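Engineer: Let me see the structure of the following:
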Amino acid sequence: MPKYIIMTLTSSDSSETYTTPVLKLNQPDDTFKSLPLPKPPGAYPYHLYLKEILPTANDQYMTFHMVGDTGSVRNPGFLPVVSEAMIGQYQTAIQTERPQFLYHLGDVVYNYGEAEHYPEQFFTPYSHYPGPIMAIAGNHDSDVNPYNPVPYHSLDAFTAVFCDTISQPVIFSGKTERKSMIQPNVYWTLETPLATIIGLHSNVPKYGYITAEQRQWFIEELKAADLQRPNKALIVCVHHAPYSADANHGSSLFMIDFLENVFEETGILPDIVFSGHVHNYQRFSKSYTGGKTVPYIVAGAGGFDELHSIAVTNDERFINNHPLLDKVILEHYCDNKYGFLKIKIERNTTGISLTGEYYTINHNEIAGKTTVELEDSFTISI
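Structural biologist: The predicted model follows:
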């Protein structure tokens with residue numbers, strides 16, 4: 001029986017934890033680590049329509065899973081526990097609550113996105129997931145192992161799995177039945193009847209990096225999505241978390257600056273932002289001038305064997321008084337259990353509502369029993 005060892009990065013004292021995002025001091029500029037992007041297999045502006053892969057997609061309600069950082073190279077035993085919990089939720093749900101697909105927030109495979117690690121870290125654990133799986137890439141999916149005896153380029157394996165031109169068997173899938181996905185690019189937009197989901201690619205650096213070309217694409221996608229309001233929610237997904245209170249990464253100055261500059265330039269705010277990268281769950285709310293509040297959700301506790309704890313207030317490595325962190329509050333967090341999101345979007349008489357539920361997993365290896373519990377829930381009106 002595999003060992004399910006959970007390691008948590010914790011501080012050495014029991015001081016009070018932060019209730020705001022934090023910045024790690026002396027945050028390095030490692031954007032030089034960014035790697036060139038592969039050629040897009042699809043046509044600009046890189047849209048995938050949900051009804052192309054799910055013809056029965058409903059115009060009145062939509063439910064799907066979200067999770068990030070599922071890969072693990074040192075102790076992958078918890079991967080099937082997370083995937084089986086989502087599969088079990090699908091099997092027991094009524095029709096309107098049944099997740100139709102999984103949207104992965106990146107870091108599918110550690111540590112360098114190598115094809116030979118996809119069977120153990122993705123294809124086998126998710127071989128029985130009943131719906132399509134789509135993804136944005138994380139920094140580990142994008143990195144390249146310089147010591148691999150077979151040279152490869154950044155995102156070679158990721159694009160073979162998720163950005164194919166047709167859905168077909170993947171040669172390194174380990175003979176599982178899951179076929180490739182047909183996403184048009186590594187940054188792309190999923191068009192659904194109820195939401196526009198813009199997925200950014202934030203590359204290899206620890207705190208993320210977005211090219212100028214992708215920035216311009218993002219501006220155009222925000223403008224196009226805004227024209228569909230109020231009939232659709234506008235969701236932004238990016239692997240590197242803009243805001244975080246964890247004791248490993250902290251918030252990303254690059255991602256905050258990137259997003260806020262684009263939002264200011266366009267005058268358009270999304271309804272919600274989802275990220276991974278940090279190995280825990282956090283829900284922030286940010287208040288903007290004009291009265292709009294945008295939730296920022298971190299959901300990166302999908303299976304990697306090292307969870308990230310929330311920083312304590314007397315940890316001298318962190319600050320929370322930077323102007324970029326103003327008006328951002330940590331509403332809820334869970335830093336000691338694995339988990340995943342279930343998102344439900346509904347059209348009703350007053351408009352569109354989006355409900356998020358975060359479920360945590362308790363696994364008793366000795367008893368061989370796994371329980372799934374609701375940890376947090378939130379609802380926003382579009």
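Engineer: all contacts plus neighbour counts: C-alpha atoms, from now on.
Structural biologist: Noted.
Engineer: how about the helices in the stretch 201-350 of the chain?
Structural biologist: Using DSSP state H, counting those that start in this stretch, the helices found in the stretch 201-350 of the chain span residues 212-226, 253-266.
Engineer: Pop out the phi and psi values for Gly42.
Structural biologist: phi -110, psi 180 (degrees, to the nearest 10).
Engineer: Repeat that for Gly291.
Structural biologist: Per degrees, to the nearest 10, the backbone of Gly291 is at phi 100, psi -10.
Engineer: sorry, back to before: let me have the helices of the stretch 201-350 of the chain in CSV, adding distance to Gly71 and mean pLDDT as columns.
Structural biologist: Output for those, formatted as CSV (distance: least, CA to CA, whole Å; pLDDT from 0 to 100):
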stretch, distance to Gly71, mean pLDDT
helix 212-226, 26, 98
helix 253-266, 23, 98
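Engineer: okay if I get these as TSV plus distance to Glu357 and mean neighbour count?
Structural biologist: As requested, those are arranged in TSV below (distance: least, CA to CA, whole Å; neighbours: other CA atoms under 10 Å):
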stretch	distance to Glu357	mean neighbour count
helix 212-226	24	15
helix 253-266	25	15
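Engineer: And those: which comes nearest Gln27?
Structural biologist: helix 253-266 (8.2 Å; CA to CA).
Engineer: Tell me the secondary structure at Thr63.
Structural biologist: For Thr63, the assignment made with DSSP: H, G, I helix; E, B strand; the rest coil gives strand.
Engineer: Now for it: which residues touch it?
Structural biologist: 96-101, 342-345 (CA atoms under 8 Å, 6 or more residues apart in numbering).
Engineer: If any of the residues you listed are buried, give me the ChimeraX selection for them.
Structural biologist: Command for ChimeraX that selects the buried part of these, burial taken from 16 or more other CA atoms under 10 Å:
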select :97,98,99,100,101,342,343,344,345
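Engineer: Just give me the closest of the contacts of Thr63 to Glu357.
Structural biologist: Proximity to Glu357 was ranked across these by CA to CA; first place goes to Lys342, at 5.2 Å.
Engineer: Quick check: bridge partners of that closest one?
Structural biologist: His65, Glu357 (DSSP bridges).
Engineer: wait, isn't Ser167 in contact with Glu177?
Structural biologist: No. Counting by CA atoms under 8 Å, Ser167 stays clear of Glu177, with 11.5 Å between them.
Engineer: so where do the strands sit in the stretch 151-300 of the chain?
Structural biologist: Remark: strands assigned in the stretch 151-300 of the chain by DSSP state E, counting those that start in this stretch are 188-191, 195-199, 233-237, 272-275, 281-287, 293-299.
Engineer: Quick one: closest of the helices of the stretch 201-350 of the chain to Leu190.
Structural biologist: Closest among the helices of the stretch 201-350 of the chain, using CA to CA: helix 212-226, at 10.9 Å.
Engineer: Dump that closest one to PDB, keeping only the CA atoms.
Structural biologist: As requested, the backbone C-alpha atoms of helix 212-226 are provided in PDB (Å, rounded to 0.1, in the frame of the first residue of the first chain):
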ATOM      1  CA  ALA A 212       3.900  41.600 -24.400                       C
ATOM      2  CA  GLU A 213       2.100  39.700 -27.200                       C
ATOM      3  CA  GLN A 214       0.000  37.800 -24.600                       C
ATOM      4  CA  ARG A 215      -0.700  41.000 -22.800                       C
ATOM      5  CA  GLN A 216      -2.200  42.500 -25.900                       C
ATOM      6  CA  TRP A 217      -4.200  39.400 -26.500                       C
ATOM      7  CA  PHE A 218      -5.500  39.500 -22.900                       C
ATOM      8  CA  ILE A 219      -6.600  43.100 -23.400                       C
ATOM      9  CA  GLU A 220      -8.600  42.200 -26.500                       C
ATOM     10  CA  GLU A 221     -10.100  39.200 -24.800                       C
ATOM     11  CA  LEU A 222     -11.300  41.300 -21.800                       C
ATOM     12  CA  LYS A 223     -12.900  43.800 -24.200                       C
ATOM     13  CA  ALA A 224     -14.700  41.000 -26.200                       C
ATOM     14  CA  ALA A 225     -15.900  39.300 -23.000                       C
ATOM     15  CA  ASP A 226     -17.100  42.500 -21.500                       C
END
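Engineer: For it, which helices and strands make contact with it?
Structural biologist: strand 195-199, helix 253-266 (3 or more CA pairs under 8 Å, 6 or more residues apart in numbering; DSSP states H and E).
Engineer: export those to JSON lines and tack on distance to Tyr187?
Structural biologist: Listed next are the helices and strands packed on helix 212-226 as JSON lines, based on distance: least, CA to CA, whole Å:
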{"stretch": "strand 195-199", "distance to Tyr187": "6"}
{"stretch": "helix 253-266", "distance to Tyr187": "15"}
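Engineer: Indicate which one of the ones you listed is closest to Leu330.
Structural biologist: helix 253-266 (15.6 Å).
Engineer: Just want the angle from that closest one to helix 212-226.
Structural biologist: Per axes from the mean of the first three to the mean of the last three CA atoms, to 10 degrees, the angle that helix 253-266 makes with helix 212-226 is 50 degrees.
Engineer: how many other residues sit next to the closest residue to Ser15 other than its chain neighbours?
Structural biologist: Using CA to CA, 6 or more residues apart in numbering and skipping the chain neighbours, the partner closest in space to Ser15 is Val312 (5.7 Å). Using other CA atoms under 10 Å, Val312 has 23 neighbouring residues.
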